[in-house]
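# next come a sequence and a model predicted from it.
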Amino acid sequence: MKKVCGIVWNYTGPKEEAKETFRVIREFKEPILDHTGFMPYPTLQSMFDGLYPKGLQWFWKADFVNEIPDEAVKKHLEFAEKLPSMHSTMHLYPINGQASRVNSTDTAWNFRDATWAMV
C-alpha cells in the first residue's frame, strides 16, 4: 500500500476562470486522481464519508497559524511515514480569503488574521 497526500480544492470563483486557476496546479505534477467538476457544496462535504465508517472514536485538535515553517513540513513528512492507519490524518485549510475580509468583531469567529487552520 502506498501512502499519498490528498489535496481537495474548492473553487468558488467565476466558472469561466476555473480552468486557468487549476492550470498551474495540474502542471506541478500529474495527480493520481483528478475528480474535477461542478458539484453542490453538500456533495463536497460528504465526499469522504465512505472512508470513515460510523462508530469510530475521534480525537481532534486544531490551531490557527500564519505561516508553515520548513521545519514543520519536515516533521509532518517524518511522522507521515509512521501513521498507524489511513484514519490518522492532518487537515490544513487556507483561511486567508473571504474570511479575512470580515472584521474580527463582526461575527462570533474571530481568527480573521490567521492564514491557515490546522486540524
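Happy to help now that I have it.

# wait, doesn't residue 63 sit right on residue 115?
No: Residue 63 is beyond contact range of residue 115, at 12.0 Å (criterion: C-beta atoms under 8 Å). C-beta: built from backbone N, CA, C; applies to glycine.

# ok, these two, which is more surrounded?
Set residue 63 next to residue 115 and count neighbours by other C-beta atoms under 10 Å: residue 115 wins out with 14 against 10.

# can you give me the helices for this protein?
18-28, 41-45, 70-80 (DSSP state H).

# make TSV from these and add mean neighbour count, mean pLDDT and distance to residue 92 to it.
Formatted as TSV, these follow (neighbours: other C-beta atoms under 10 Å; pLDDT from 0 to 100; distance: least, C-beta to C-beta, whole Å):
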stretch	mean neighbour count	mean pLDDT	distance to residue 92
helix 18-28	11	86	15
helix 41-45	10	87	16
helix 70-80	10	91	9
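
# so, low pLDDT: which residues of the chain?
The model of the chain has no residue with pLDDT under 70.
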